[in-house]
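Colleague: Pasted the sequence and its predicted model underneath.
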Amino acid sequence: MSGKPSTQTEAEFSAIYLQRTTQELAEDLDKIRTAEDFKADSIPFLVHALQQGAGIFSSAEQERVVAASKQNKEGDV
């Protein structure tokens, strides 16, 4: 499959990417969250910034990650 991934694949990949990114950056995100100058209205900006990293992955890479995630979930059942 080439070109742009399906909307469903993009959404699934974005969720996987955001979950993994927040896990990996948990300590840094906690420092940001507890900073004196951090405001609640900064959250959408922060989420958007984190999601932008997903754009560096090709459609084939996104499809592989989603497929692997589904296989891992099936193996957990």
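Modeller: Cool, the structure landed.

Colleague: The residue in the chain sticking out farthest from the centre: what secondary structure?
Modeller: Here the centre of the chain is the reference, and by C-alpha atoms, centre = their mean the most remote residue is residue 36, at 26.2 Å. Of the three states, residue 36 takes coil under DSSP: H, G, I helix; E, B strand; the rest coil.

Colleague: thinking residue 14 is in contact with residue 50, fair?
Modeller: No - Residue 14 is not in contact with residue 50 according to C-beta atoms under 8 Å; the separation is 10.0 Å. Where you see a C-beta, it was placed from the backbone N, CA and C, and this is true even at glycine.

Colleague: right, and residue 16 touches residue 63 too?
Modeller: No - Residue 16 lies out of contact with residue 63 (C-beta under 8 Å); the separation is 11.7 Å.

Colleague: Check which residues of the one helix or strand residue 73 maps to are buried.
Modeller: Here residue 73, judged by DSSP states H and E, is contained in helix 59-76. Neighbour-count burial for helix 59-76 flags 59, 62, 63, 65, 66, 69 (criterion: 16 or more other C-beta atoms under 10 Å).
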